[in-house]
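Colleague: after the sequence you'll find the predicted model.
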Amino acid sequence: MRLFPVALDFRPPYLADSASDISLLLMPLGHGTLLDYLRTSFSAVTRNPPIVLANFLPSSEYLAAIRKACPTVEAVLPAADLGRRLGGYQPSDWLLITDSRQLPVEGLDLQGLVTNLDSASRWVRHLVTLEATVAGTQECVQFDPEGRVSRIQRYYEDVTWPFASGVTCSLVPVACTQRAGNVPFHSLPDLRTSLAGQGVASRDAPITGGTFDLSHEQAFLTLCERFVLGMSPGSGSGGATRATGAEVHPNARILGPVIIQENAIIEDGATVAGPAVVGRGARIGRNALVAQCVVVPGTRVAEGTSHRHRVLAEGRDGAVTAGPPANALDPFAAPLGGPVALLDLQEDRRRPSLYPTLKAWIEPLLALAVLILLSPLLLLVAVIVKLESKGPVLYGDKREGLGGRVFRCWKFRTMIVDADARQRLLLAKNQMDGPQFKLENDPRVTRTGRVLRPLSVDELPQFFNVLFGQMSFVGPRPSPFRENQMCVPWREGRLSVRPGITGLWQVCRHDRSIGDFHQWIYYDLLYVRNTSLLVDLKIVLATIVTLGGKWSVPLDWILSRNKYHDRRRSRRGSGSDVSQSLARGA
């Protein structure tokens with residue numbers, strides 16, 4: 001059994017007009033090339049030299065450049081020719097095919113993909129990138145048979161959106177290609193689909209942290225920037241790292257971290273601002289400016305010209321070519337699926353407070369004291385619940401906490417055992433206008449529950465959640481994922497703090513009878529913006545006075561009017577429809 005690494009090579013759009021020997025694998029990355037990076041990753045799992053598959057017709061200049069960059073390469077082939085080469089392999093051999101355009105943000109680790117390569121595990125394995133957007137959500141519109149909109153469902157990509165957008169690496173048994181006919185080795189997504197259609201068993205391993213799609217110029221620049229910033233500066237001026245044969249004129253300026261590869265030349269008066277990479281044999285002309293760029297090997301930047309945030313390559317006519325300027329807001333500049341800042345919360349640029357940290361340390365101690373004080377009551381309620389109906393004393397529902405981490409929120413059980421299953425049968429009677437479910441006379445509630453719920457005694461076990469650091473005394477109501485998906489800014493805002501046993505919405509809500517989901521959103525975000533010790537103390541006091549929120553208190557009892565009134569008024573002129581609607585709802 002042998003493992004043969006294969007690297008797929010491409011010419012992305014930003015290299016389309018460059019010289020015939022330039023490709024993605026030959027692009028400079030750190031002190032070497034992208035091919036060097038892949039070869040290092042391959043060497044961790046196999047001693048066999050790599051095969052390069054070109055998704056274009058290889059020229060003689062390209063073949064020579066690949067072999068110069070990697071003298072040990074086994075073969076350089078057009079992608080369509082790999083199938084004919086497989087006749088010389090054993091059925092027990094494996095192909096490890098990597099797409100050079102899809103590099104994981106956290107590094108290409110192949111160890112987990114190639115474990116247990118034996119006859120008992122002959123399925124194909126794919127390292128896939130899950131589909132992602134800047135907002136982190138997908139919305140699907142459902143229509144009824146008459147073509148009318150019946151439902152709009154939102155899916156969160158890190159929880160309920162299981163589709164792959166790309167394949168970084170495929171581990172393919174040679175044996176499975178014998179029945180697959182014309183195998184599309186030129187495209188790993190097509191290869192994955194083709195083999196599955198032929199009945200070949202496969203498994204997908206998702207990439208954590210997202211990938212860089214190097215078919216986009218900005219993504220390649222960001223990847224190179226990470227390599228440059230991650231390397232310690234060596235000898236040379238201005239933080240530059242120079243390879244053997246590189247020349248920097250005494251009057252040239254090197255600003256910030258710059259990697260200058262072998263035989264590159266920086267001429268008199270030229271300025272190179274990092275992070276930047278000047279490729280092997282490249283030349284920066286006199287008085288030229290190159291800022292945060294990657295200069296392709298052999299490229300000559302004309303004197304007196306200026307270039308910023310670009311991949312600079314020399315075209316067939318000798319001029320430096322580049323596509324449209326890279327957009328600093330390009331989503332491909334960051335890891336796909338990365339966190340998105342809340343516009344609705346970013347307008348508060350206050351100095352970070354120590355209160356959340358102190359709160360996280362002090363509240364578990366207070367929760368322990370409360371549990372000790374209330375232990376006789378807790379024991380009595382537990383006995384009553386156990387004697388009154390069959391089932392466990394406590395009910396732990398999965399809720400989302402700080403940062404979206406799931407935990408079990410504990411309560412005394414106040415419903416029959418199969419209450420969750422029966423809820424679907426009662427959805428048509430739901431009296432709430434948002435994701436919550438509530439009935440005035442819920443048939444699932446036990447006799448003990450009808451006493452405990454109005455007094456909020458059923459929620460006392462949540463002090464255990466506070467003790468374990470999962471909840472707080474005061475914060476947004478802990479909600480399951482199905483409730484949090486209704487509004488993206490609301491979800492991100494309320495998950496930025498720990499959920500609470502009580503909160504601003506519980507004591508200030510005043511539209512219970514007609515549905516108050518709009519107030520729920522508004523009060524949660526208002527609390528996140530104005531968290532403080534004084535606000536928490538007022539909410540706790542209001543909770544005690546109102547017996548757990550049985551009636552509402554005015555908002556200005558908790559927050560001074562300028563904390564929310566002026567903000568609402570200015571928001572009406574900002575053009576934010578969502579924020580305006582929330583403000584009007586309050």
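Modeller: Yep, that arrived. Numbering: from 1, shown residues only.

Colleague: CA only for contacts and neighbour counts going forward, please
Modeller: Will do.

Colleague: could I have the CA atoms of the helix or strand containing Ile521 written out in CSV?
Modeller: If you go by DSSP states H and E, Ile521 is part of helix 517-529. The C-alpha coordinates for helix 517-529 follow below in CSV (Å, rounded to 0.1, in the frame of the first residue of the first chain):
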residue,chain,number,x,y,z
PHE,A,517,-41.5,39.7,20.5
HIS,A,518,-40.5,43.2,19.3
GLN,A,519,-40.0,44.2,22.9
TRP,A,520,-38.0,41.1,23.6
ILE,A,521,-35.5,42.0,20.9
TYR,A,522,-35.4,45.7,22.0
TYR,A,523,-34.9,45.1,25.7
ASP,A,524,-32.3,42.4,25.2
LEU,A,525,-30.1,44.7,23.0
LEU,A,526,-30.7,47.6,25.3
TYR,A,527,-29.5,45.6,28.3
VAL,A,528,-26.3,44.4,26.4
ARG,A,529,-25.4,48.1,25.6
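
Colleague: who are the packing partners of it?
Modeller: helix 488-494, helix 504-508, helix 577-585 (3 or more Cα pairs under 8 Å, 6 or more residues apart in numbering; DSSP states H and E).

Colleague: confidence-wise, which of these is weakest overall?
Modeller: Ranked by mean pLDDT, these bottom out at helix 577-585, with a mean of 40.

Colleague: related to what we said a few turns ago, for the record, mean pLDDT for the helix holding Ile521?
Modeller: 87.

Colleague: least confident secondary structure element in this structure?
Modeller: helix 343-346 (a mean of 36; mean pLDDT, DSSP states H and E).

Colleague: just checking, next helix/strand downstream of it?
Modeller: helix 355-388.

Colleague: what's that following helix packed up against?
Modeller: helix 447-455, helix 462-467, strand 472-474.

Colleague: what's the next secondary structure element after the helix holding Ile521?
Modeller: helix 533-545.

Colleague: got the angle between that following helix and helix 517-529?
Modeller: Calculated by axes from the mean of the first three to the mean of the last three Cα atoms, to 10 degrees, helix 533-545 forms an angle of 140 degrees with helix 517-529.

Colleague: who does helix 533-545 touch, helix- and strand-wise?
Modeller: strand 472-474, strand 500-502, helix 504-508.

Colleague: any low-confidence regions in the stretch 401-550 of the chain?
Modeller: The model of the stretch 401-550 of the chain has pLDDT under 70 over residues 421, 424-425, 427-438, 511-516.

Colleague: wait, doesn't Gly274 sit right on Gly256?
Modeller: Yes - shown here, Gly274 and Gly256 form a contact pair, counting by Cα atoms under 8 Å, at 4.8 Å.

Colleague: so for these two, which residue has more residues nearby?
Modeller: Between Gly274 and Gly256, Gly274 has the larger neighbour count (other Cα atoms under 10 Å), namely 23 against 19.

Colleague: next up, the contacts around that one.
Modeller: When contacts are counted by Cα atoms under 8 Å, 6 or more residues apart in numbering, Gly274 touches 254-258, 291-293.

Colleague: list the buried residues in stretch 413-425.
Modeller: By neighbour count with 16 or more other Cα atoms under 10 Å, stretch 413-425 contains the buried residues 413-417, 423.

Colleague: also stretch 146-154?
Modeller: Arg154.

Colleague: do stretch 248-259 as well
Modeller: 248, 252-259.

Colleague: what's the answer for stretch 73-86, then?
Modeller: 73-74, 76-80, 82-83, 86.

Colleague: now do the same end-to-end measure for it.
Modeller: Terminal residues of stretch 73-86 are spaced 17 Å apart (Cα to Cα, to the nearest Å).

Colleague: show me how far it is from its chain's centre.
Modeller: With Cα atoms, centre = their mean, to the nearest Å as the basis, stretch 73-86 stands 35 Å off its chain's centre.

Colleague: avg pLDDT for that stretch?
Modeller: Stretch 73-86 comes out at a mean pLDDT of 88.

Colleague: what's in contact with it?
Modeller: By Cα under 8 Å, 6+ apart, stretch 73-86 touches 8, 49-58, 63, 66-67, 174, 182-186.

Colleague: switch the cut-off to 6 Å
Modeller: The contact list for stretch 73-86, computed with Cα atoms under 6 Å, 6 or more residues apart in numbering, reads 49-55, 186.
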